[in-house]
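Enquirer: Take a look and give me a structure for this.
(2 chains)
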Amino acid sequence: MGLRKLIAEAESLLREAGVEDPKIQLSKSPEYGEISSTVAFQLARPSKKNPLVVAEELMRSIDLSNARLVASVEAVNGYLNFKVDWNKYAESILREIFEEGERYGSSRIGEGKQVIIEHTSVNPNKPLHIGHARNTCLGDTIARILKFLGYDLIVLNYIDDSGTQMADVVLGFSDLGYQLDPPENMRFDEYCGDVVYVESVKRAEADPVLAEKRRQIVKEIESRSGKYFELNKLIVERVLRDQLKTCWRLGARYDVLNMESDVLEYRLWDEVFEKLREKNAVYYAGSGPKTGCWLLDLSGHPVLSREGDEVLVKSDHTTTYIARDIAYAAWKLGGTSKDFTYEIFGQNPDGTEIYVTSGNGSTRLKLSKIEKVINVIDVRQRRPQEIVKYALGLLGLQSEKYIHYAYEVVALSRSDAEKLGYPPDPDQQVIHMSGRRGLYVKADQLIDMLRDRAAEEVAQRHPDWDRRRVEEVAEKIAVGALRYSLIKPDIDKMIILNTEEMLKLEGDTAPYLQYTYARACRILEKSDSQISTKPPDNLTEDERTLLRRMTYLPILLQEFGENLLVKPIANYAYKLASDFNNFYEKSPVLWAEESVKSFRLGIVKAFTIAFGNVLRLLGIPIIELM
RNA sequence: GGGCCCGUGGCCUAGAAUGGAUAAGGCGGCGGCCUCCUAAGCCGCAGAUCGUGGGUUCAAAUCCCACCGGGCCCGCCA
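Expert: Sure, this is the predicted structure:
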């Protein structure tokens, strides 16, 4: 085994030398060995000794006679640096990778634990824009990794199929003369979002009669019968099926679609409201500006209490969306007695089934042993999500399991806003997208642009390929490029879309990763020699660097189980690729002498396994020839 | 007014949860490397008072406080 075994060995050596809590870290530079410890600093502190002296003493008291991987320990500047026997270490790394294959990097930390993750959740009245794509790509990547770690995962997509945003579109079709069939070459979701919705919003804002009509439509949709209700149902289904095409194109998959209208049927709120009243978490406002409302008592919350209590039931007895969200969240944590029924909606590209809530359905989800509920929702919902979480606590549920996975939005650069016909103010650097105003870049639109750009490049490199083959590879490059650029930045940082910049296929991009993988494949393909895990007498620095990087994967993924941060994984993918390219440049494989060659083939093979696993986790399509 | 987030070379970012040994990449600029595993690659050069000022510490980009700049949230909308 690789790094984990090495760390365990170093820890046990330190314990034998009398250190209670051996703190091991990866060395910052190879000259400091593979791993290092700063225990000397900790030990020196209370005794006021010199850390350098403590380190020296520790070094001398470490007994290496039974060590397997550790070859030497050196005290340098107070650090204890562990160097390994690279011959043994290299072989153990390769063996581990070959033994575990497609499972390499996984551990069983998720076994027997259930996780719910909800992502995408785009209103079914428009196509996905690039901001929604960030949500989908983050959510899907988290799902892929958790699945890999052995978690029993359920992927939800919440569909808000009622409310004003739907009524806007319905109004367009019913009263503004729009035909249900989109123009030539336009998808239905684009037609609804780009044309009908935008126009309808504009008209209703200007015309009180239309605004009133829209209110009636909202009510009728909620009543679950009548021609507007039926029309809405039709629109929702058609838009949703188009949206899913985009999601699938991005590589995402879902288990369950929870339709808001169906969820409301179960009257979760009534039950949750009852419990909130029992717990004295809500109260009725008999006077003041909120007279007639039921409010959630936030006085016990350190921060939220400063902004006043939250209305859950309005004076007209209808619920606010946050009330419905609390009820729905309670369901996710198993805090309601109701159990939705489902029927099959369709299939994901991988062949698994997607279920949708349905009164006539007979399938039920098996929610037990829930470990975490992850809700991928942009950062603007931080406050409401915090309220939901707090309410779950008041209900006596395990609110710490409820995670708002908040990510910053995608905004437009000045140049992209201008391209969309929006003139930014002189000092405006960031332009926020808006569905209502039709100011957004569609996810498909951007993938198409990327695909066309990539196709030029592919065709140039492979003049003998037919158009179909070129397009196929270009599509994979485009999807990879988009996914990578959306999951790589810190979730706390806004992405300011710059399509010019994004169309580049060099440097720290997914095409670089894909290309690196393809290069490795070619070496294996062209060789008919034996693959070996036995290193020659001396390893080159590039070989060591690459091997070393590969050993990080299991630990990195283990950390993911705790922090759910996608970024470090994307970062790791780049470094791993970069290390391979260095190796590729400096350590020839196919024309090395036989013993070196078979070992290097082993490294290349191991690289394709480890790197392939990482690419799959990130949802970056693998291309063997590009 | 209250709260949250961000601020690292010209531009974009990593490093920050667990403080540690010379701050790491990409883009752009300049200069190199294909008779040999795909040059979507590799190497070199130039370019950083890690927003500012204090503090804690043997040690701060990282922790604490204040301030400055930018963004977001605070509706009987969702």
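Enquirer: all contacts plus neighbour counts: C-alpha atoms, from now on.
Expert: Noted.
Enquirer: For the stretch 51-200 of chain A, just list every one of the helices.
Expert: Using DSSP state H, counting those that start in this stretch, the helices of the stretch 51-200 of chain A run over A:51-61, A:86-100, A:130-148, A:164-175, A:188-190, A:198-206.
Enquirer: tell me the most buried of these?
Expert: helix A:130-148 (a mean of 25; mean count of other CA atoms under 10 Å).
Enquirer: got a list of contacts for it?
Expert: A:103, A:106, A:110, A:117-120, A:122, A:153, A:155, A:247, A:250-253, A:376-378, A:407, A:409-411, A:440-443, A:446, A:483, A:486-487, A:557, A:561, A:564, A:566, A:617-619 (CA atoms under 8 Å, 6 or more residues apart in numbering).
Enquirer: follow-up on the earlier one: nearest to RNA strand B, out of the helices of the stretch 51-200 of chain A?
Expert: helix A:164-175 (6.7 Å; CA to the nearest atom of the strand).
Enquirer: per-residue confidence averaged over the closest one?
Expert: Across helix A:164-175, pLDDT averages out at 95.
Enquirer: cool, stretch A:261-274 as well?
Expert: The model assigns stretch A:261-274 a mean pLDDT of 94.
Enquirer: returning to what we had before: can you list which of the contacts of helix A:130-148 are found in strands?
Expert: Counting by DSSP state E, these place A:117, A:118, A:153, A:155, A:376, A:377, A:378, A:407, A:410, A:411 in strands.
Enquirer: Sort out which one of the residues you listed lies nearest residue A:81 for me.
Expert: Distance to residue A:81 across the ones in strands among the contacts of helix A:130-148 (CA to CA) is lowest for residue A:407, with 38.5 Å.
Enquirer: What is the burial count for the closest one?
Expert: 21 (other CA atoms under 10 Å).
Enquirer: what's the spacing between it and residue A:492?
Expert: 6 Å (CA to CA, to the nearest Å).
Enquirer: same check, this time on residue A:417
Expert: 22 Å.
Enquirer: Pull up the per-residue confidence for the spatially closest residue to residue A:87 that is not a sequence neighbour.
Expert: Nearest residue to residue A:87, sequence neighbours excluded (CA to CA, 6 or more residues apart in numbering): residue A:535, at 6.0 Å. In this prediction, residue A:535 carries a pLDDT score of 94.
Enquirer: just residue A:41 next, same as before
Expert: Per-residue confidence (pLDDT) for residue A:41: 83.
Enquirer: Figure out the helix or strand that it lives in.
Expert: Here residue A:41, judged by DSSP states H and E, is contained in helix A:39-47.
Enquirer: tell me the angle of that helix relative to helix A:51-61?
Expert: 120 degrees (axes from the mean of the first three to the mean of the last three CA atoms, to 10 degrees).
Enquirer: what residue ranges in chain A score low on pLDDT?
Expert: Filtered on pLDDT under 70, chain A yields the residue ranges A:1, A:46-48.
Enquirer: domains for it, by residue range?
Expert: A:3-84, A:114-262+A:340-368, A:414-502, A:510-618 (automatic domain parsing).
Enquirer: picking that back up, have a look at residue A:417 and residue A:492 and say which one is more surrounded.
Expert: Between residue A:417 and residue A:492, counting by other CA under 10 Å, residue A:417 is the more crowded of the two (22 against 12).
Enquirer: does the more buried one really touch residue A:429, like I thought?
Expert: No. Using CA atoms under 8 Å as the test, residue A:417 is too far from residue A:429 to be in contact (10.2 Å).
Enquirer: Quick one: the strands in the stretch 501-626 of chain A, in order.
Expert: Counting by DSSP state E, counting those that start in this stretch, the stretch 501-626 of chain A has no strands to list.
Enquirer: Can you name the residues that contact residue A:374?
Expert: Residue A:374 neighbours (CA under 8 Å, 6+ apart): A:115, A:116, A:117, A:118, A:402, A:403, A:404, A:405.
Enquirer: Can you give me the neighbour number for the residue in the stretch 401-550 of chain A positioned nearest to RNA strand B?
Expert: Per CA to the nearest atom of the strand, residue A:507 is where the stretch 401-550 of chain A lies closest to RNA strand B, at 3.1 Å. Neighbours of residue A:507 under the rule other CA under 10 Å: 11.
Enquirer: Check which helix or strand residue A:335 maps to.
Expert: Going by DSSP H and E, residue A:335 is not part of any helix or strand.
Enquirer: separation between it and RNA strand B?
Expert: 22 Å (CA to the nearest atom of the strand, to the nearest Å).
Enquirer: If we only consider the ones in strands among the contacts of helix A:130-148, which is nearest to residue A:327?
Expert: residue A:118 (15.4 Å).
Enquirer: Excluding sequence neighbours, find me the nearest residue to that closest one.
Expert: residue A:156 (4.4 Å).
Enquirer: Include distance to residue A:303 when you put the domains of chain A into a markdown table, please.
Expert: Below are those laid out as a markdown table (distance: least, CA to CA, whole Å):
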| stretch | distance to residue A:303 |
| --- | --- |
| domain A:3-84 | 36 |
| domain A:114-262+A:340-368 | 26 |
| domain A:414-502 | 20 |
| domain A:510-618 | 24 |
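Enquirer: could you pull out the strands for the stretch 151-300 of chain A?
Expert: Secondary structure of the stretch 151-300 of chain A (DSSP E, counting those that start in this stretch): strands at A:152-159, A:256-259, A:282-284, A:294-296.
Enquirer: Format those strands as TSV; extra columns: distance to residue A:319 and mean neighbour count.
Expert: Below are these laid out as TSV (distance: least, CA to CA, whole Å; neighbours: other CA atoms under 10 Å):
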stretch	distance to residue A:319	mean neighbour count
strand A:152-159	18	20
strand A:256-259	17	21
strand A:282-284	13	19
strand A:294-296	9	22
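Enquirer: give the contact list for the closest residue to RNA strand B within the stretch 151-300 of chain A.
Expert: Relative to RNA strand B, the nearest point of the stretch 151-300 of chain A is residue A:290 (3.9 Å; CA to the nearest atom of the strand). Taking CA under 8 Å, 6+ apart as the criterion, residue A:290 is in contact with residue A:315.
Enquirer: Tell me how far it lies from residue A:315.
Expert: Distance, residue A:290 to residue A:315, by CA to CA: 8 Å.
Enquirer: close enough to count as contact, the residue nearest to residue A:118 and residue A:119?
Expert: Yes. Counting by CA under 8 Å, residue A:156 does reach residue A:119; the two are 6.5 Å apart.
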